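**Student:** show me how the following folds:
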Amino acid sequence: MSSIPINLVYEDVLSGAILEKILDHVEADYIVGLRLSKNGFGYIKKNIKGFNRAAQGSPYLVLTDLDQTDCPITLIQDWLGGQPKHPNLLFRIAVREVESWVLADTRAFSDFFAVDLAKIPQNPDQVNDPKQDLINLVRTSKQKDLRQAIVPEKGSTAKVGKDYNAPLLKFISQQWRVREAMNQSNSLQRTVLALETFQF
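**Tutor:** Model (predicted):
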């Protein structure tokens, strides 16, 4: 099986780590070239038409969050502004945020973050604010260091804790299982299938 070159475009370091884990998981041999991220969807939305054109020469895997948009198709059509999507542009959307994919491996999340398995949503794609759900779950953790990292300090205006990414990146690297998470998240399942069936 010949290797497939691919460039990654994503919102933040957590999304990037998840994409790398997915690429390691699929049977196809992907070789990552560029890794493009500027913290948030604005950079992706502004440049998506350029990525679509560039995909003629080399595949691009783009991951963004659905957030409060009605559906992925609406978001893709809106961002591309009527430009036909090139087959080499793998434009994937986490419903509603990449945190829903993190939560989707429920047993591993429960074990790593020391939270009650029964409290983790069984269908995280249907959660309106997965990041807030994740923070609220960790708020109940038996591990003080995890609570301090992920949960905003009392009285703080910050939306996340002071070291939000570090434990999540460790979790993705060490315990998060793509196959298990796919069983709980349709949007993750569609992303994995798109990568497994892609031909360049």
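**Student:** so where is this structure shaky, pLDDT-wise?
**Tutor:** 1 (pLDDT under 70).
**Student:** any idea which residue sits dead centre in it?
**Tutor:** The centre of the chain sits closest to residue 98, judged by C-alpha atoms, centre = their mean, with a distance of 3.4 Å.
**Student:** can you pull the contacts of that one?
**Tutor:** By C-beta atoms under 8 Å, 6 or more residues apart in numbering, the contact set of residue 98 is 11-12, 14-15, 18, 63, 65. C-betas here are computed from N, CA, C, even on glycine.
**Student:** try 10 Å
**Tutor:** Neighbour list for residue 98: 10-12, 14-19, 63-65, 130-131, 168, 172, 187-188 [criterion: C-beta atoms under 10 Å, 6 or more residues apart in numbering].
**Student:** over to residue 193?
**Tutor:** For residue 193, the contact set (C-beta under 10 Å, 6+ apart) comprises 26, 182.
**Student:** now the strands: where do they sit in this structure?
**Tutor:** Along the chain, counting by DSSP state E, strands occupy 4-10, 30-36, 60-65, 89-94.
**Student:** neighbours of residue 107, how many?
**Tutor:** For residue 107, the tally of surrounding residues (other C-beta atoms under 10 Å) stands at 12.
**Student:** quick one, phi psi at the residue of the chain most remote from its centre?
**Tutor:** For the chain, the C-alpha lying farthest from the average C-alpha position belongs to residue 155; by C-alpha atoms, centre = their mean, that distance is 28.8 Å. Backbone geometry at residue 155, expressed as degrees, to the nearest 10, gives phi 90, psi -10.
**Student:** I appreciate the help and will end here.
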